[in-house]
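**Q** the following block contains a protein sequence and its predicted model.
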Amino acid sequence: MAKKLRIRGHKVVLNRSAGGDAGITVMLTILGAFMFLPMIYVIMQSLKPLDELWMFPPRFFVRNPTFKNYRDLFMLMTTSWVPFSRYIFNTVFTSVVGTVGNLFFSSLAAYAMAKIKFPGGKTMFKTVRTSLMFHSTVTAVTSFLLMSTFGLIDTYFAIIVPAWATSLGLYLMKQFMETNVSDAVLESARLDGASELRTFWVIAMPMVKPAWLTLIIYSFQDLWNRGSSIYIHSEQLKSFNYAISQIMAGGIKRAGAHAASMVIMMAVPIIVFVISQSNIIETMGSSGMKD
Amino acid sequence: MSKKKAVVRSDMTRWQWTLKEMKNNWVGYAMVAPYMLIFTCFTVLPVVLSMVISFTNFNLLELPDIVWLENYIRLFLDDDIFVIACKNTLIFAIIVGPVSYMMALMVAWFINELPPRIRAIVTLIFYAPSISGQVYLIWGTLFSGDSYGWVNGILLDLGLITTEIQWFQDADYVMPLCIVVALWTSLGTSFLSNIAGLQGIDRSMYEAGAVDGVRNRWQELWYITLPSMRPQLMFSAVMSITSCFGFGGVVTALCGFPSVDYAAHTIMHHLDDYGSIRFEVGYSSAIAVVLFAIMIGANMLVKKLLSKVGQ
């Protein structure tokens, strides 16, 4: 008992019930509130003056918004042992160098695996794909041993170098290169005498620009959010996130400044995401696992 | 993927052919070399080393002795806390894994037919918690143990409770709360991947489905949408499994370490306890190997389940 097809213009109208639409809207609203309200609460807390932070019963929304918490946060920063700008520099430096390196090395390897057929390439890719399953914290101790063998402990390299070769980075770039870079274009470049490296840089890389942005947001937010690391013990090399958490160890009198710091910490990855959003979604389209 | 070359000369053995191919494509090796070198040093070697060390009683100070399976025997027969950790990890994974997976899929599906601009905003709302780092600490403020915590405040004000509940210090509440926070931060890479997968499905497939008698959006989801995005389903399954078994940092940040009565003690915590606090590296490596085995097992199981989609 097939229903009659409805046709509007040249398009077949898909079967959608009003009840289903309503149900989905309700579900989406509930889930959205669950996701969104805590984020709003952080912002509200950061704008509350002291008497509203410690008020009973507590209110969700702020009544007399103030930037005093942000001012307090900056005041606290100036009292730190190592100049605060140093922590900011450390995080920005490791995030940027780590992300750029990851983009370069992962794309280079992804190009070779996707577009040059060489014995062993498939096995290498399978190994990388399997390693997507492993959480790096599981091997923290053995990684520490290796790091100290290589003499990387207490240097920026301990954070940066492992970030240059992430499994997800290679995985994303390879899937994208396979679907979006046509072999014919590469072949004609090669016939014109371009070296593989040149073909990669001049032809293939511009074609996968959306994938760069995906990799950038993924890698950047990961590095940006790093707190204290077991590989770093000099105060001068520690991260912004670590320094903020030290300020907050000062206890409840700093609750307002704490909320302000969370707002600042979350603002940066969110801005990076918003800027690159449209490109990101396009890339993830080819990210799935075939097989 | 690679086409079988028809020009394999009969006077060449397979080995010689491979060697020739390797020589011809040396540039491929040169290009993967930097990545593979770093990847091997910092991703493959730690795993291999963990497996080797798990058969020894290494403590970082003395040279390790080989003890074969002793660590594993102790782990399974003599360590009561490990049993608790396994139980918690499994409860956690069985709830958070499928729920976060379904959430990533369903939310992506719900918002798929919204107009692009609204979709972009909704995507940001759902994705923001997972990229915002330590912002999950706000749950500690919401569920703070004093009467200024928002939840306690509301419950006290309404007269539902008479004294504050120590949410993150109470063995009854620790686990459910951590599950909620985990779900809150779970819409990450797999969520984006699902959105993109849905966007990639050609509308004509749905139209053909409507002609062939698909009667509602649920049938459409099962018979058309899901089978077309199998690669994304697999990818997000792997990501969900990895994150739900590797969950631990959030618990430590919210409940302290160890959590009250080990109520939210996971395998991750147990590993950390032996590895970086007690320096029983051999033992902690054995825990890591067991965790790897569980993750691989879970992945194989999920692969089997996903092959049934759309049938």
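**A** Noted; the coordinates are in hand.

**Q** got a list of what residue 135 touches?
**A** Since you didn't name a chain, this refers to chain A. B:242, B:243, B:245, B:246, B:268 (C-beta atoms under 8 Å, 6 or more residues apart in numbering or on different chains). (C-beta placed from N, C-alpha, C; glycine too.)

**Q** the chain in question should be chain B.
**A** Counting by C-beta under 8 Å, 6+ apart, residue B:135 touches A:38, A:39, A:42, A:262, A:265, A:266, B:129.

**Q** without its sequence neighbours, what residue ends up closest to it?
**A** Using C-beta to C-beta, 6 or more residues apart in numbering or on different chains and skipping the chain neighbours, the partner closest in space to residue B:135 is residue A:266 (4.8 Å).

**Q** counting by contacts, list what the strand or helix carrying the one you found packs against.
**A** Element membership for residue A:266 (DSSP states H and E) is helix A:255-284. Packing partners of helix A:255-284 (3 or more C-beta pairs under 8 Å, 6 or more residues apart in numbering or on different chains; DSSP states H and E): helix A:18-47, helix A:50-53, helix A:68-78, helix A:209-224, helix A:240-248, helix B:116-131, helix B:138-142, helix B:189-199.

**Q** wait, which of the ones you listed is closest to residue B:94?
**A** helix B:189-199 (17.7 Å; C-beta to C-beta).

**Q** in chain A, which helix has the most residues?
**A** If you go by DSSP state H, chain A has its longest helix at helix A:84-115.

**Q** wait, the residue nearest to residue B:135 touches residue B:136, no?
**A** No: between residue A:266 and residue B:136 there is no contact under C-beta atoms under 8 Å: 10.3 Å.

**Q** the more surrounded of the two?
**A** A count of neighbours by other C-beta atoms under 10 Å in any protein chain shown puts residue A:266 above the other of residue A:266 and residue B:136, at 24 against 21.

**Q** roughly how far is the strand or helix carrying residue B:108 from the heart of the chain?
**A** Take DSSP H and E as the rule and residue B:108 turns out to sit in helix B:80-111. Counting by C-alpha atoms, centre = their mean, to the nearest Å, helix B:80-111 is centred 9 Å from the centre of its parent chain.

**Q** quick one, that helix and helix B:189-199 angle?
**A** Between helix B:80-111 and helix B:189-199, the angle comes out at 30 degrees (axes from the mean of the first three to the mean of the last three C-alpha atoms, to 10 degrees).

**Q** and the residue nearest the centre of chain A, what does it touch?
**A** The residue lying closest to the centre of chain A (C-alpha atoms, centre = their mean) is residue A:218, at 2.8 Å. Contacts for residue A:218 (C-beta under 8 Å, 6+ apart) come out as A:168, A:169, A:172, B:189.

**Q** burial count for the last one?
**A** Just to be clear, that refers to residue B:189. Neighbours of residue B:189 (other C-beta under 10 Å): 23.

**Q** same thing with the second one?
**A** A count of neighbours around residue A:169, defined by other C-beta under 10 Å, yields 29.

**Q** can you give me the distance of residue A:209 to residue A:103?
**A** The gap separating residue A:209 from residue A:103 is 11 Å, by C-beta to C-beta, to the nearest Å.

**Q** between those two, which is the more surrounded one?
**A** residue A:103 (20 against 12).

**Q** my guess is that one meets residue A:215, correct?
**A** Yes: Residue A:103 is within contact range of residue A:215, at 5.5 Å (criterion: C-beta under 8 Å).

**Q** find residues that contact each of the two.
**A** Joint contacts of residue A:103 and residue A:215 (C-beta under 8 Å, 6+ apart) are residue A:169.

**Q** okay, residue 291: pLDDT?
**A** Since no chain was named, I'll use chain A. pLDDT recorded at residue A:291 is 51.

**Q** you looked at the wrong chain, it should be chain B
**A** The model reports residue B:291 with a pLDDT of 90.

**Q** is it true that it touches residue B:245?
**A** Yes: counting by C-beta under 8 Å, residue B:291 does reach residue B:245; the two are 6.5 Å apart.

**Q** list residues touching both of these two?
**A** If you check residue B:291 and residue B:245 against C-beta under 8 Å, 6+ apart, the residues they both contact are B:267, B:268.

**Q** how about the contacts of residue B:135, which pair is most distant?
**A** Pairwise distances among the contacts of residue B:135 were taken by C-beta to C-beta; the largest, 14.6 Å, belongs to A:38 and A:265.

**Q** that older thread, out of the contacts of residue B:135, which comes closest to residue A:62?
**A** Nearest member of the contacts of residue B:135 to residue A:62, counting by C-beta to C-beta, is residue A:42, at 11.7 Å.

**Q** quickly note the distance from that closest one to residue A:208.
**A** Note on residue A:42: its distance to residue A:208, by C-beta to C-beta, is 35 Å.

**Q** got the angle for the helix holding residue A:266 vs helix A:18-47?
**A** Between helix A:255-284 and helix A:18-47, the angle comes out at 140 degrees (the same axes, to 10 degrees).

**Q** related to what we said a few turns ago, closest to residue A:126 out of the contacts of residue A:218?
**A** residue A:168 (15.2 Å).

**Q** the closest one contacts residue A:131, correct?
**A** No: using C-beta under 8 Å, residue A:168 is not in contact with residue A:131; the gap is 9.6 Å.

**Q** how about the nearest residue to residue B:194, chain neighbours excluded?
**A** Counting by C-beta to C-beta, 6+ apart, residue B:194 lies nearest to residue B:108, which is 3.7 Å off, once chain neighbours are set aside.

**Q** that neighbour and residue B:191 touch, don't they?
**A** Yes: using C-beta under 8 Å, residue B:108 is in contact with residue B:191, at 6.0 Å.

**Q** of these two, who's got more company?
**A** residue B:108 (26 against 23).

**Q** count of neighbours near residue 199?
**A** Just so you know, I chose chain A. 22.

**Q** that's the other chain; I wanted chain B
**A** Counted with other C-beta under 10 Å, residue B:199 comes out at 15.

**Q** which pLDDT value does the model give residue A:99?
**A** Per the predicted model, pLDDT is 94 at residue A:99.
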